[in-house]
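Enquirer: attaching a predicted model along with its sequence, questions to come.
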Amino acid sequence: MEPTIPDLGILRRFWSGFEDAGTTQAVVVGGVAIGGADPVIIAGPCAVESYEQTLAIATSVRRAGIRILRGGAFKPRTYPGSFQGLGDEGLEILAAVRRETGLAIVTEVLDPRLVERVAAVADMLQIGSRSMQNTPLLTEAGRSGKPVLLKRGWSATLSEWLGAAEYVAREGNTQIVFCERGIRVPAAEGYARAVLDLNVIHAIRALTPLPVLADPSHAAGRWDRVEPLARAALAASAHGLLIEAVAADTDRALLRSDAEQGIPPDVLERIVGFARRGPAPDPR
Ligand code: PEP
Ligand code: MN
């Protein structure tokens, strides 16, 4: 059951250089090879809310042995009245935390006009689920020359997701990492925020040499369901995970974005331990 994928000229030419089944083009972020021999975990807050919160989480992320921090300065929110992120102040906090901890930074860019500003701080640009088909944004992210973390739109088909990657690749940038974050399935209403599509991890690995991560946090929607999904995604051969984390003793009532799904440090450490057992067998 191969999907019909029209018009992937650049990616197809690039992929034809990887005809060796099993070859993954590692994408290097802050000295860490995503798609290399070991699963890579990226963790951090949903949103950068303050310097103290971000530094506390970064410290526990680093203590867990993780080398890449996630955290949004510009947040895509469903309702305009919700906290939209600290914006430029959030970027400054991320830059300061990087100086302090040495962690590399993944952060979302929402607007094509902001790519340059976000890329000045980010080691990798995150394109969010809602933005996967914002084609001017994909083009600008491609032009930035930075590695791009391309989350799947929650209703996007595999072809649409690959088409989005082609927009980035057309700008000469094939440092693309896919990230499955759960798809909207009406049958899951009431118990899950989204359904983590484990099937698609294998499909991406079989069709492309690009790495693929899974984000169990936005599928689970609850911190106590993140760990089983994280293990399942690694078993399904994901090259790593993007996870939301909170600091120890966090008062969730005070968090302004995705308060329920950030995992505490002990759970993060267990997931890292599980990932250290090594990669799942290559499915190709
Ligand atoms: C996020 O990573 O915090 C986020 C907003 O994710 P998504 O785009 O997958 O909803
Ligand atoms: Mn979030």
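Expert: Nice, thanks for sending it over. Numbers count the residues shown, from 1 in each chain. Ligands and ions are numbered 1, 2, ... in the order given.
Enquirer: and I263, its phi and psi?
Expert: phi -90, psi 150 (degrees, to the nearest 10).
Enquirer: which strand residues bridge it?
Expert: Note on I263: beta-bridge partners by DSSP bridges are A245.
Enquirer: what's the neighbour count on it?
Expert: Counted by other CB atoms under 10 Å, the residues lying close to I263 total 25. To be clear about C-beta, it is placed using only N, CA and C from the backbone, and glycine gets the same treatment.
Enquirer: excluding chain neighbours, what is closest to the residue of the stretch 1-150 of the chain found nearest ligand 2?
Expert: Proximity to ligand 2, evaluated over the stretch 1-150 of the chain using CB to the ion, is greatest for C46 at 3.4 Å. Nearest non-adjacent residue to C46, counting by CB to CB, 6 or more residues apart in numbering: D258, 3.7 Å away.
Enquirer: returning to that earlier point: show the pLDDT at the residue of the stretch 1-150 of the chain closest to ligand 2.
Expert: Note on C46: pLDDT of 98.
Enquirer: also the one 3 residues further on?
Expert: What the model reports for E49 is a pLDDT of 98.
Enquirer: wasn't it part of a helix?
Expert: No. Checked against DSSP: H, G, I helix; E, B strand; the rest coil, E49 lies outside a helix; its state is coil.
Enquirer: so what's it closest to, chain neighbours aside?
Expert: E49 sits nearest to R256 (CB to CB, 6+ apart), 5.9 Å away.
Enquirer: my guess is that neighbour contacts F83. True?
Expert: Yes. Under the criterion of CB atoms under 8 Å, R256 makes contact with F83 at 3.9 Å.
Enquirer: quick check: neighbours shared by these two?
Expert: Common neighbours of R256 and F83 (criterion: CB atoms under 8 Å, 6 or more residues apart in numbering): A47.
Enquirer: which residues in the stretch 151-284 of the chain form strands?
Expert: 176-180, 212-214, 240-244 (DSSP state E, counting those that start in this stretch).
Enquirer: select, out of these, the one closest to ligand 1.
Expert: strand 240-244 (6.7 Å; CB to the nearest ligand atom).
Enquirer: pLDDT below threshold where in the protein?
Expert: 1-4, 19-22 (pLDDT under 70).
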